[in-house]
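S.K.: only geometry, no sequence info:
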């Protein structure tokens, strides 16, 4: 019997690169300052009329993005277990069951807090076929989310002239820059 593939979407701060605002996410790019944690959410859905068991994936974070230390990991997937190491680059879901379409457990989420310390643009992907199940039903299409680790603002001050006698005026200039 022909089965539909699992639907998987991921987001940082509920912002995804997947088109059409899927699964309660909004299409867009998240941003954080270096060292500020951001929530990563992966949502899985079963469009089939049978349960799908032993659902598993490994989400490999891009270079420059790591799990928070200590890792803050959670899942509401039936029978699922989510693991990851402090400052590690992998989030793993094992043993989950997605109920038949229409059931309360036909969809579930995996969440993790991630951190980046080096300014840049980072894209996280789960490719088509990376989510697997005992029944041989995997995901299609893949899913991507992007986060920008921004440069902090630059602030400087300057007196002109820099040294004055008592009672003489000077000008204070504040310079605020945004390197992003």
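M.R.: Okay, I see it. Treat the numbers as computed from the prediction; the structure is a model and nothing was measured.

S.K.: name the spans of this structure whose pLDDT lies under the cut-off.
M.R.: When residues are selected by pLDDT under 70, those of the chain lie in 1.

S.K.: show me where the protein has helices.
M.R.: With DSSP state H, there are no helices along the chain.

S.K.: contacting residues around the closest residue to residue 12 other than its chain neighbours?
M.R.: Of all residues not flanking residue 12 in the chain, residue 30 sits nearest, at 3.8 Å (Cβ to Cβ, 6 or more residues apart in numbering). (Glycine included, C-beta is placed from N, CA and C.) By Cβ atoms under 8 Å, 6 or more residues apart in numbering, the contact set of residue 30 is 11-13, 15, 38, 145-148.

S.K.: closest to residue 101 out of the residues you listed?
M.R.: residue 11 (22.1 Å; Cβ to Cβ).

S.K.: partners of that closest one in the sheet?
M.R.: Assessed by DSSP bridges, residue 11 has beta-bridge partners residue 41.

S.K.: same deal with residue 94?
M.R.: residue 81.

S.K.: neighbours of it, how many?
M.R.: 15 (other Cβ atoms under 10 Å).

S.K.: which one (most neighbours) among the contacts of residue 30?
M.R.: residue 11 (29 neighbours).

S.K.: ok, that one touching residue 27?
M.R.: No: Residue 11 is beyond contact range of residue 27, at 9.4 Å (criterion: Cβ atoms under 8 Å).
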